[in-house]
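[1] What would the 3D arrangement of this be:
(2 chains)
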Number of protein chains: 2
Amino acid sequence: MLGAIEAGGTKFVLAVSDNNLEHVEKISIPTTTPEETFDKVFEFFDNYTLEAIGVGSFGPIDVNKNSTTYGYVTSTPKLAWQNVDFLGKLKERYDVPVSWTTDVNAAAYGELKKGAAVGNGSCLYLTVGTGIGGGAVINGEPLEGYGHPEMGHIPVRMHEDDTFDGACPYHGNCLEGLAAGPAIEKRYDKKAQYLEDREDVWKIEAYYLAQALMTYTLTLSPEKIILGGGVMKQTQLFPLIRDEFARLINGYVATPALEEYIVSPGLKDNAGITGCLLLAQKEL
Amino acid sequence: MLGAIEAGGTKFVLAVSDNNLEHVEKISIPTTTPEETFDKVFEFFDNYTLEAIGVGSFGPIDVNKNSTTYGYVTSTPKLAWQNVDFLGKLKERYDVPVSWTTDVNAAAYGELKKGAAVGNGSCLYLTVGTGIGGGAVINGEPLEGYGHPEMGHIPVRMHEDDTFDGACPYHGNCLEGLAAGPAIEKRYDKKAQYLEDREDVWKIEAYYLAQALMTYTLTLSPEKIILGGGVMKQTQLFPLIRDEFARLINGYVATPALEEYIVSPGLKDNAGITGCLLLAQKEL
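    Presented below is the predicted three-dimensional model:
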């Protein structure tokens, strides 16, 4: 059987399935201390005979196999989880291969194999929620190098009507600092879902996201871009982003038709956990 | 034997070598009309029995195997070369496998296999000259997706002391529009090489390049970034770029030590043509 953990900052989704992903059982537990959380992970997985585990984790995490802290959660703002040997704890309990990458790389993998990017050779998955994170699959592999992508923190140009300073503790007005959920809330003193009718809000939001998608397109040239996360439940954003993307990139590079290129997750909120199961399957 | 073409906008470098790249013969011809240029290519290659050819071309080019114009040079500003079936012309003359990618992807491949990135699993190669172009190798393969990267055209934030409008016909003040050789020349009314002592010039240049390297790092997470091209002959730029990169990224992600991370080409001006030979070798 396959095990999977989509490790998020507020909850862990745990799943097990047969090796073909036909029968999936899934639970969700709150992310508390590492000790408590792992106890619940073990409690769940101990009922099964796992042959491989796939983990997609919040981060930053260490994915560098040459590093002494490979498998650790590293500089996360969630203090209790800093420098936790996530992979080590799992390996100690279960002597099986474990696939280890970011939550967004796992989601990109899920979407490529079973979601919106089926039939494509590459895709990019961007989540826009309490933070902004991006992952990708290139030539069938989750994108990693010295570390993993942190696409939410790229610098962007300010919208001319935006006077907000930005909310990123590291970079101020990077993409995440200007366009993640908390940035919207701070700028307007209201949560995104209460701003649905405010055209100006979504125009500015679309400007930042389109600018980022232009940068990712020019840097990575993915075959599909999938936008998930809480903020993207504001589906009025999609046409605004596509229009702004077309305006900014100005026909310079060929992309698929934008309705096919910039899309919602085919697996909805299951992209991440499905990707984790598929990454486990890949280890068999 | 292997054949290689580094196809640039002003010259073509042609090379042949044995299959182990031990003996390399190389010539350079001016890029004139496609007819004239290909005649010279054939004249050179016809002397050898080639088993594979590697091409790294200026672009944009069509690298999408599902496209009807795969193998074409597409929307280049060099009018005579627009919509030229580069790969088709070669295949018609030589019935051997041909590897087809961008000049900068070829240079990245060369640097990974025999240059500054030997021992790394991935690298990014950026040329800063009459234009700015970027290529990368990820998991041993030149980076391509729906198309190929066009990293020179990403949007960047303006330096607060810079009032130049930007020189890119597509995007005005994108990276290339602000930081390629012609942008420097237009901004100061002097070519880069006559501005060597002007601290303000290189401070602004380093700001733009560092910002771009931050974006590439956060998007791709390469193990090494190699900076080539005419503008980078101003080697005083390297420490300025590294300092600015550190300031901007603000410790958010781990990178190799910056002296090891942001470097000159190990193969100097031979990165591209060596990469083409190696890509030909890969086809054997």
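[2] Got the domain ranges for chain A?
    A:2-103, A:116-265 (automatic domain parsing).
[3] all helices for chain A, in order.
    A:34-45, A:86-93, A:103-114, A:175-179, A:181-188, A:199-220, A:237-249, A:258-261, A:271-282 (DSSP state H).
[4] Just list what the first one packs against, helices and strands only.
    Translated: helix A:34-45. The criterion is 3 or more CB pairs under 8 Å, 6 or more residues apart in numbering or on different chains; DSSP states H and E, and the helices and strands that helix A:34-45 contacts are strand A:11-17, strand A:24-30, helix A:86-93. Every C-beta, even on glycine, is put in place using the N, C-alpha and C of the backbone.
[5] Dump those to a markdown table, plus mean pLDDT, distance to chain B and mean neighbour count.
    Below are the helices and strands packed on helix A:34-45 laid out as a markdown table (pLDDT from 0 to 100; distance: least, CB to the nearest CB, whole Å; neighbours: other CB atoms under 10 Å in any protein chain shown):
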| stretch | mean pLDDT | distance to chain B | mean neighbour count |
| --- | --- | --- | --- |
| strand A:11-17 | 98 | 24 | 21 |
| strand A:24-30 | 97 | 27 | 14 |
| helix A:86-93 | 98 | 16 | 17 |
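[6] can you redo these as CSV with distance to residue B:257?
    What follows is these, written out as CSV (distance: least, CB to CB, whole Å):
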stretch, distance to residue B:257
strand A:11-17, 35
strand A:24-30, 39
helix A:86-93, 25
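[7] Give me the most central residue, chain A.
    For chain A, the residue nearest the mean C-alpha position is residue A:104 (2.5 Å; CA atoms, centre = their mean).
[8] now that residue, nearest residue through space, not along the chain?
    Excluding its sequence neighbours, the residue lying closest to residue A:104 (CB to CB, 6 or more residues apart in numbering or on different chains) is residue A:135, at 3.2 Å.
[9] The one you found against residue A:143, yeah?
    Yes: under the criterion of CB atoms under 8 Å, residue A:135 lies in contact with residue A:143, with a separation of 6.6 Å.
[10] in the stretch 51-200 of chain A, what residue is nearest chain B?
    With CB to the nearest CB, the shortest gap between the stretch 51-200 of chain A and chain B falls at residue A:145, namely 3.8 Å.
[11] what about the strands in the stretch 51-200 of chain A?
    For the stretch 51-200 of chain A, the strands identified by DSSP state E, counting those that start in this stretch occupy A:52-57, A:98-102, A:123-128, A:132-138, A:141-142, in order along the chain.
[12] Which one of these lies nearest to residue B:225?
    Taking CB to CB as the criterion, strand A:132-138 is the member of the strands of the stretch 51-200 of chain A that comes nearest to residue B:225, at 17.5 Å.
[13] Show residues contacting the closest one.
    Contacts of strand A:132-138 from elsewhere in the structure, counted by CB atoms under 8 Å, 6 or more residues apart in numbering or on different chains, are A:59, A:101-109, A:112, A:117, A:122-127, A:142-143, A:148-153, A:175-176, A:179-180, A:212, A:216, A:220, A:222, A:229, B:138-139, B:143, B:145, B:219.
[14] Mind giving me the ChimeraX select for those, buried ones only?
    Buried members of these, defined by 16 or more other CB atoms under 10 Å in any protein chain shown, are picked up in ChimeraX with:
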select /A:59,101,102,103,104,105,106,107,108,109,112,117,122,123,124,125,126,127,142,143,148,149,150,151,152,153,175,176,179,180,212,216,220,222,229 /B:138,143,145,219
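[15] Tell me the confidence at the nearest residue in space to the residue of the stretch 51-200 of chain A closest to chain B that is not next to it in sequence?
    If you skip the residues right next to it in sequence, residue A:145 has residue B:221 as its closest partner in space, 3.8 Å away by CB to CB, 6+ apart. At residue B:221 the predicted local distance difference test score is 98.
[16] What is the neighbour count of residue B:221?
    Counted by other CB atoms under 10 Å in any protein chain shown, the residues lying close to residue B:221 total 24.
[17] how close does residue A:11 sit to residue A:26?
    Computed with CB to CB, to the nearest Å, the distance linking residue A:11 and residue A:26 is 12 Å.
[18] What is the neighbour count of the nearest residue to residue A:143 once chain neighbours are set aside?
    Nearest residue to residue A:143, sequence neighbours excluded (CB to CB, 6+ apart): residue A:136, at 4.1 Å. The local packing count at residue A:136 equals 29, with neighbours defined by other CB under 10 Å.
[19] likewise residue A:161?
    The burial count assigned to residue A:161 is 9, neighbours taken as other CB under 10 Å.
[20] so who does the closest residue to it other than its chain neighbours touch?
    With CB to CB, 6+ apart as the measure, residue A:204 is the residue that lies nearest to residue A:161, at 6.6 Å, once sequence neighbours are left out. In this structure, residue A:204 makes contact with A:159, A:161, A:162, judged by CB under 8 Å, 6+ apart.
[21] Now do residue A:204, the pLDDT please.
    With respect to pLDDT, residue A:204 has a value of 98.
[22] how far away is it from residue A:193?
    When CB to CB is applied, the distance between residue A:204 and residue A:193 equals 17 Å.
[23] before we move on, what about residue A:269?
    The spacing between residue A:269 and residue A:193, counted by CB to CB, is 16 Å.
[24] Write out the residues of the stretch 51-200 of chain A neighbouring chain B.
    Residues of the stretch 51-200 of chain A lying near chain B by CB under 8 Å from any CB of the partner chain: A:60, A:62, A:64, A:74-75, A:121-122, A:134, A:138-139, A:141, A:143-151, A:153-158, A:170-171.
[25] Out of the strands of the stretch 51-200 of chain A, which gets nearest to residue B:42?
    strand A:132-138 (35.3 Å).
[26] what pLDDT, on average, does the closest one get?
    In this model, strand A:132-138 carries a mean pLDDT of 98.
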